[in-house]
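>>> My questions concern the predicted model and sequence given below.
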Amino acid sequence: MEKLLRAIFGIKDKDIKFPYRKKDFLLTETERRFYEVLNQLSQRHNVLLFAKVRLEDLLLTYGNGHERFSSRNRIKSRHVDFLLCSKETISPLIAIELDDSSHNNEDRIERDNFVDKALQSAGLPILHVKVKSFYDLKELENLITKTLNNNF
């Protein structure tokens, strides 16, 4: 359809504006500090660590046409902060959300509840970790292990 409209109106690629600029950083300073701790754990346990993974890349939707389309729309613009995956298969093991004060807002609580239920229904554990100025490696390791039912 877009190609047809371009042809009709004589729009060429050089006429299209691309109003984009590279972000300076993928992670905020708070997320980066937490990432560094998770990275230490991922190396220790021989798993892969990913940041800002879209739910649409983690979850399959099913059902009839409308139901599937609706389900996909509810997840397509959402992501989890961090994801640990099996190094051998790159299979998702656990999603991790870093919760700052914004997670106390009503709309964010609603979003978190939806994401938690979606991941739970798909069989992917999620762990919420409160933002701290310092993360104890052993404490975080224990939280992940507990969430993964002692399989970390």
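That came through, no problem. Residues are numbered from 1 along each chain as shown.

>>> Look up the closest residue to the residue nearest the centre of the chain, ignoring the ones flanking it.
The chain has residue 80 as the residue nearest its centroid, 2.2 Å off, counting by Cα atoms, centre = their mean. Distances taken as Cβ to Cβ, 6 or more residues apart in numbering put residue 95 closest to residue 80, at 4.1 Å, once the chain neighbours are dropped. No exception for glycine: its C-beta is placed from N, CA and C like everyone else's.

>>> what about that neighbour, distance to residue 28?
18 Å (Cβ to Cβ, to the nearest Å).

>>> And for residue 38?
Taken as Cβ to Cβ, the span from residue 38 to residue 28 is 14 Å.

>>> Residue 56 too?
Here the criterion is Cβ to Cβ. By it, residue 56 lies 22 Å from residue 28.

>>> The two: which is more packed in?
Set residue 56 next to residue 28 and count neighbours by other Cβ atoms under 10 Å: residue 56 wins out with 16 against 13.
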